[in-house]
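# What would the 3D arrangement of this be:
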Amino acid sequence: MTIDYFEDLLKKPSLFKKESKLDNNYVPKRLPHREKELSLLSQLFLVLVTNPNSISRKILIIGKTGIGKTVTIKLFGEMLVNAAQKRSGNIKYVHINCRKERTSYKVLIKIVRALNNNFPKRGYSPQDLLEIIVDIIKDQNLHLLIVLDELSYLIGKEGDLIYSLTRINDDAFNTRRHISIIGIARDISCLSGLDTSTMSTLQRNIIYFNNYNKEQLFEILKYRTEISLKDNIISDSLIQIITDLVYQTGDIRYGLNLLWKSTKIAENQNLKYITIESIRLANQDIVPFSTLDILKYMSTQKIIFLLAIINALDKCGGIYTSVREITESYLILCESLGIQPRTHSQLWNYLQEFKREYLITMEIVSEAIKGRKAQITVQNIPISKYKELLLEVIETKGIKI
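Numbers count the residues shown, from 1 in each chain. Predicted structure coming up:
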């Protein structure tokens, strides 16, 4: 007799009130401990509600990963659009993940298709797309708020796009101001790759997001349990344990994922509430969201090189591995896959990128002999779990190892 697993699961009582409210992409109606930032943003953009297209705002949001920058801006965007609509205003909010959309073309086509979903994805140059955006804005008499999340991924390679977007009001709309920009970045140092004029424009209004302290993390997690879980499913003492774990990384998304996974484990064990063992089991298997985000959009060559690092660490059995050992591991991997290896300088650049993205830690033992004396390791994820994750990502790209 075939077991109907769906019917079996549907008969079980769920511990969730609304499971989706623990999802990383969910935007709550209330953001504890980001009220100050929401208030400041509202003050800066109020004039666009009271006097549409009278001003253009360029704002830079700075803060570490997982401290609520993106969700705060998304909630603010909803509030701004709603306030304008109530007063017959027309504001369009477009959120771009620059880690995913890394070229001028990809950013601009994303904006155009947000304004016109039927617009074809190919066949236009970036300059064509800029002109099309201007035409749509004029025809619809709207104000476009563009959010460039993970802004650093555009700087350097696509700095001209940021310059064009910050200057488009002056070039295309004369006295009216139809475009505002919010950039989101982890560190203000990323602006050093921009030209002086664009850097000056973005530095005029900077909002710094501070890390959450333990008390704030507890209150945020407590609020999320209240809107996502049924009553009496988790005790305050267990929320505090999750808070202590989250505080080590500072990434609230890790806490939400840990809370969700702990609840799932408790459900699978037919428990009526979450236990400390549920949390322990959940915590063994969690990969930081920041790592997942990066791997999701990483090129095949970089993924393979990262796997070579993990293989080298696994083989040496120590805490650190060397560039030489990694290179040997990489060449073996390339040969087995039949792909052309990257040059030593490209691999060194990859190492620097991995370090900036906290995928690895790298210590230069001797500055005189640069990369040859670099010690490389990973800290946040067990080697076996890291390898398993990379193999899954590589498989999604159609490569079998």
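
# so where is the protein shaky, pLDDT-wise?
Under the criterion pLDDT under 70, the flagged ranges of the chain are 1-11, 156-159, 171-175, 366-372, 379-380.

# Which residue ranges of the stretch 51-200 of the chain form strands?
Per DSSP state E, counting those that start in this stretch, the stretch 51-200 of the chain carries strands over the ranges 58-62, 91-97, 143-149, 179-185.

# Mind putting those strands into JSON lines with mean neighbour count?
Heads up, the C-betas are built off the backbone N, CA and C, glycines and all. Formatted as JSON lines, those follow (neighbours: other C-beta atoms under 10 Å):
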{"stretch": "strand 58-62", "mean neighbour count": "21"}
{"stretch": "strand 91-97", "mean neighbour count": "19"}
{"stretch": "strand 143-149", "mean neighbour count": "24"}
{"stretch": "strand 179-185", "mean neighbour count": "24"}
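
# Tabulate the ones you listed (JSON lines), appending distance to Asn82.
Putting these into JSON lines (distance: least, C-beta to C-beta, whole Å) gives the following:
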{"stretch": "strand 58-62", "distance to Asn82": "19"}
{"stretch": "strand 91-97", "distance to Asn82": "9"}
{"stretch": "strand 143-149", "distance to Asn82": "13"}
{"stretch": "strand 179-185", "distance to Asn82": "16"}
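
# The residue nearest to the spatial centre of the chain in helix, strand or coil?
With distances taken as C-alpha atoms, centre = their mean, the residue of the chain nearest its centroid is Asp293 (5.8 Å). The assignment at Asp293 comes out as helix when based on DSSP: H, G, I helix; E, B strand; the rest coil.

# ok, now which ones touch it?
Applying C-beta atoms under 8 Å, 6 or more residues apart in numbering to Asp293 gives the contacts Arg99.

# at 10 Å instead, please
Residues counted as contacts of Asp293 (C-beta atoms under 10 Å, 6 or more residues apart in numbering) are 24, 65, 97, 99-100, 150, 253, 357.

# likewise Cys190?
60, 62, 150-156, 183, 356.

# Relative to Asn210, how far out is it?
For Cys190, the distance to Asn210 equals 19 Å [C-beta to C-beta, to the nearest Å].

# Then Thr300?
Distance of Thr300 to Asn210, given as C-beta to C-beta: 37 Å.

# what does Ser56 give?
Taken as C-beta to C-beta, the span from Ser56 to Asn210 is 27 Å.

# neighbour count winner among the two?
For the pair Ser56 and Asn210, the greater number of neighbours falls to Ser56 (20 against 12), based on other C-beta atoms under 10 Å.

# Which residue comes closest to the more buried one once chain neighbours are left out?
Spatially, and ignoring its direct neighbours in sequence, Ser56 is nearest to Arg177 (3.8 Å; C-beta to C-beta, 6 or more residues apart in numbering).

# Which parts of the stretch 201-350 of the chain are strands?
Going by DSSP E, counting those that start in this stretch, the stretch 201-350 of the chain shows strands at 206-208, 321-322.
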